[in-house]
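In: Dropping the sequence and predicted coords here.
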There are 2 protein chains.
Amino acid sequence: MAVKRSGAPGKRSQRTSGRIPPAKEPHGESPLSRDRIVATAVELLDAQGLDGLTMRRLADRLGSGVMSLYWHVDSKEDVFDLALDSVLEYRGPPQGVESQDWRGDVVHVLEDWRAGMLRHPWSASLLPRRALGPNILSRLELLGTTLSRAGVADSDLNAAIWSLWNYVMGATITRASFDVSDDDRAAGQQRLTRLSERYPTIERSRLLLDDDWDGAFRKGLGFLLDGLAPARRPAPDATARA
Amino acid sequence: MAVKRSGAPGKRSQRTSGRIPPAKEPHGESPLSRDRIVATAVELLDAQGLDGLTMRRLADRLGSGVMSLYWHVDSKEDVFDLALDSVLEYRGPPQGVESQDWRGDVVHVLEDWRAGMLRHPWSASLLPRRALGPNILSRLELLGTTLSRAGVADSDLNAAIWSLWNYVMGATITRASFDVSDDDRAAGQQRLTRLSERYPTIERSRLLLDDDWDGAFRKGLGFLLDGLAPARRPAPDATARA
DNA sequence: ACCTGAACACCGTTCAAGT
DNA sequence: ACCTGAACACCGTTCAAGT
């Protein structure tokens, strides 16, 4: 029964930030560092996918021996956690402004989230398996404040947050996985057509051929937000009506 | 660039069904068969999780040499596909009845789906990575017909199906992953509390402590269905309006 | 403080045989 | 038709050393 560690700081917590780099970070044979390892891991994951990340390959790319990595990093699991969190960093939007458009705000937060994950297709499927890192927590926080400011009642807040989380994660994981090959989907639909007497409804609606992922994401999100709207407290200036 | 095969029948498609078993399937050293391999793989996955499935361990459990498996099965990937689809089998509900309660119907379909995946926690996270097997297609078909019968317009049908799919997948994957350890969530919330100035909203709402998964699932699904309701065509007997 | 190679206990799969 | 062991090219990580 593997127990997931929730991001314990690790034995040696060395932060590289705050010290001036020796003016030679770009390439060259710079010394190993936690940050460099994580950055290279992300490169490797982007290029080769989840299975492509290997401690040995990672060391190769860094021009070091495999075991050198283990000085900076606890395990391969650790590398996954760090890579994931580094990729989900969020540069907040103009937070000061009190927007009037709550729907637009929520949509923006979630589309940014989705886009961030799709830029690193391995990240979406990795995320739910891992402990929630600081960057994920701050995205959840942002979602929470946006919804709260939009007027969602406290008693509905958690359910609202999780329902949006579920929607975004489901959509993004699905999209990132299917995106591998469109031929596949076409082949799938063809198979469907051949079996149209078994799956008449989704065959008729051409469910597997619809490739407007962004549009479908927005439309479905619209449904969910429509359903969420009544959960909002009546705005101060609106007529109260249960 | 790994290409996902969409369930091609494989070189040797041998169906065991339709022949009378030699009256000794239960244990004993029955001969290897595709079905026996798949069943044992599911056992192993249930017991040890995704990483626990190994061709070598699988062969051990079956009392055979490793390479014997490869006669019945193309690869480990193949085993995953077969195990997944076998677990998602759907014994349809009383299909004949024309229910009046479209919401109840949809909720039932989706809760059954979720429950099925949670019975095999590895299945949810595996599903989106794989080609859609026949059993998944028939669940999508069932969802489609239920929505269609409920009156969802054809032009909204695909978006409605995918939004519900996204929701169910996101919820189930999240639940199946977090379920490993509750201590973790508690620890997470404690860390949150320590950092409450950074995440005040979700700290206050105790987002990470809420452990009523089933309730949250149903409530969020309620939001989504509320939003979906207007997408229905006015029922024949209702007053048409917009 | 940081890096290393040898070694261990594993993997999935190819291949050439066995019955 | 079905099963097998040896072998290959990999894994992550421990350990005992090196500087």
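Out: Structure's in. What do you need? Numbers count the residues shown, from 1 in each chain, chains lettered A, B, ... in the order given.
In: Give the rounded mean pLDDT of stretch A:76-87.
Out: For stretch A:76-87, the per-residue pLDDT values average out at 96.
In: how about it, does it get close to DNA strand C?
Out: No: with Cβ under 7 Å from any atom of the strand as the threshold, stretch A:76-87 lies outside contact range of DNA strand C, at a closest distance of 13.0 Å. C-beta here means a position set from N, CA and C on the backbone, and glycine is covered the same way.
In: Around A:Ile173, how many other residues sit close by?
Out: Other residues near A:Ile173 number 27, with proximity taken as other Cβ atoms under 10 Å in any protein chain shown.
In: wait, it sits on B:Ala171?
Out: No: A:Ile173 sits out of contact with B:Ala171 when judged by Cβ atoms under 8 Å, with a separation of 11.9 Å.
In: tell me which element the nearest residue to A:Ala231 once chain neighbours are set aside falls in.
Out: Beyond its immediate neighbours in the sequence, the residue positioned closest to A:Ala231 (Cβ to Cβ, 6 or more residues apart in numbering or on different chains) is A:Asp156, lying 4.3 Å away. Element membership of A:Asp156 [criterion: DSSP states H and E] is helix A:154-178.
In: Need the nearest residue in space to A:Asp46, chain neighbours excluded.
Out: The shortest distance from A:Asp46 to any non-neighbouring residue, by Cβ to Cβ, 6+ apart, is to A:His120 (5.9 Å).
In: per-residue confidence for that neighbour?
Out: As summarised for this prediction, A:His120 has a pLDDT of 97.
In: what about it, distance to A:Thr146?
Out: Note on A:His120: its distance to A:Thr146, by Cβ to Cβ, to the nearest Å, is 24 Å.
In: A:Val109 now?
Out: Counting by Cβ to Cβ, the gap between A:Val109 and A:Thr146 amounts to 6 Å.
In: The residue nearest to A:Ala231 and A:Gly227 touch, don't they?
Out: No: contact criterion Cβ under 8 Å: A:Asp156 and A:Gly227 do not qualify, at 11.0 Å.
In: domain parsing for chain A?
Out: Taking automatic domain parsing as the reference, chain A has its domains at A:31-87, A:102-229.
In: ok, back up a step: higher neighbour count, A:His120 and A:Thr146?
Out: A:Thr146 (22 against 18).
In: Now do that one against chain B, distance only.
Out: A:Thr146 sits 9 Å away from chain B, taking Cβ to the nearest Cβ, to the nearest Å as the criterion.
In: A:Met67 now?
Out: When Cβ to the nearest Cβ is the yardstick, A:Met67 and chain B sit 23 Å from each other.
In: Could you do A:Ala41 as well?
Out: To chain B, A:Ala41 is 19 Å away according to Cβ to the nearest Cβ.
In: Also A:Gly220?
Out: A:Gly220 sits 3 Å away from chain B, going by Cβ to the nearest Cβ.
In: Next up, the contacts around the residue nearest to A:Asp46.
Out: By Cβ atoms under 8 Å, 6 or more residues apart in numbering or on different chains, the contact list for A:His120 reads A:Val42, A:Leu45, A:Asp46, A:Val87.
In: Pull out the buried positions in the helix or strand harbouring A:Asp78.
Out: Under the criterion of DSSP H and E, A:Asp78 resides in helix A:76-87. Judged by neighbour count using 16 or more other Cβ atoms under 10 Å in any protein chain shown, the buried positions of helix A:76-87 are A:Asp78, A:Val79, A:Phe80, A:Asp81, A:Leu82, A:Ala83, A:Leu84, A:Asp85, A:Ser86, A:Val87.
In: What is the least confident helix or strand in chain A?
Out: For chain A, counting by mean pLDDT, DSSP states H and E, helix A:182-194 ranks last in confidence among helices and strands (a mean of 66).
In: and the next helix or strand along the chain from that one, C-alpha only, in PDB?
Out: Counting by DSSP H and E, the element after helix A:182-194 in chain order, helix or strand, is helix A:200-204. Presented in PDB, the C-alpha positions along helix A:200-204 are these (Å, rounded to 0.1, in the frame of the first residue of the first chain):
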ATOM      1  CA  PRO A 200     -27.000   4.300 -33.500                       C
ATOM      2  CA  THR A 201     -27.200   7.500 -31.400                       C
ATOM      3  CA  ILE A 202     -23.600   8.400 -31.100                       C
ATOM      4  CA  GLU A 203     -23.100   7.300 -34.700                       C
ATOM      5  CA  ARG A 204     -25.700   9.600 -35.900                       C
END
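In: and helix A:200-204, average pLDDT?
Out: Confidence over helix A:200-204 (mean pLDDT, whole number) is 92.
In: Same check on stretch A:53-65?
Out: Per-residue pLDDT values over stretch A:53-65 give a mean of 97.
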